[in-house]
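Trainee: Curious how this folds, go ahead:
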Amino acid sequence: MGNRRGFCLPEILVALSLLLLFLCSVPGLNGSKNSLLLGIEASLVASRIRLVQAQALATGSTGRFDSSSFVLPAGIVFSPDRTFSFSSSGFPPPGGSGTLTVKAGKLSRKIIVSSAGRVRIE
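Mentor: Numbering: from 1, shown residues only. As a prediction, the model looks like this:
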């Protein structure tokens, strides 16, 4: 065998196939990243709404969450902007409930505040 220079055909084919697999998976990873970031932001918004609700209940005053004052990362938006209100009992007054949609490109998550005061993400 002696001095061997270069690569044999099977080695080159394995290296090229691994490179091709890697290049094909990169766009999928980007979509997963966007989905993960959107889920995190939706959870943060829902947590902030629950915090406003808890503060209204604890202080015996009304609470208000305005989505236009919430700062989102680049590429993530509210559609449309919404305001949620909570009375001193922790329940939303009439008109205080509804749905807020958080979007990142084609992906979206809905944050729903029910008339009973339940906050959930779909």
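
Trainee: How much space separates Ala74 from Asp66?
Mentor: For Ala74, the distance to Asp66 (C-beta to C-beta, to the nearest Å) stands at 20 Å. C-beta here means a position set from N, CA and C on the backbone, and glycine is covered the same way.

Trainee: Between the two, which has more neighbouring residues?
Mentor: Neighbours were counted for Ala74 and for Asp66 using other C-beta atoms under 10 Å; Asp66 has more, 12 against 6.

Trainee: For that one, which non-adjacent residue is spatially closest?
Mentor: Spatially, and ignoring its direct neighbours in sequence, Asp66 is nearest to Thr83 (4.8 Å; C-beta to C-beta, 6 or more residues apart in numbering).

Trainee: any weak-confidence spans in this protein?
Mentor: Low-confidence segments of the chain (pLDDT under 70): 1-2, 27-31.

Trainee: Any idea which residue is closest to the centre of it?
Mentor: In the chain, the C-alpha nearest the mean C-alpha coordinate belongs to Leu38, at 1.9 Å (C-alpha atoms, centre = their mean).

Trainee: quick one: what helix or strand has it in it?
Mentor: Per DSSP states H and E: Leu38 is located in helix 9-59.

Trainee: Quick check: next helix or strand after that helix?
Mentor: From helix 9-59 onward toward the C-terminus, using DSSP H and E, the following helix or strand is strand 63-66.
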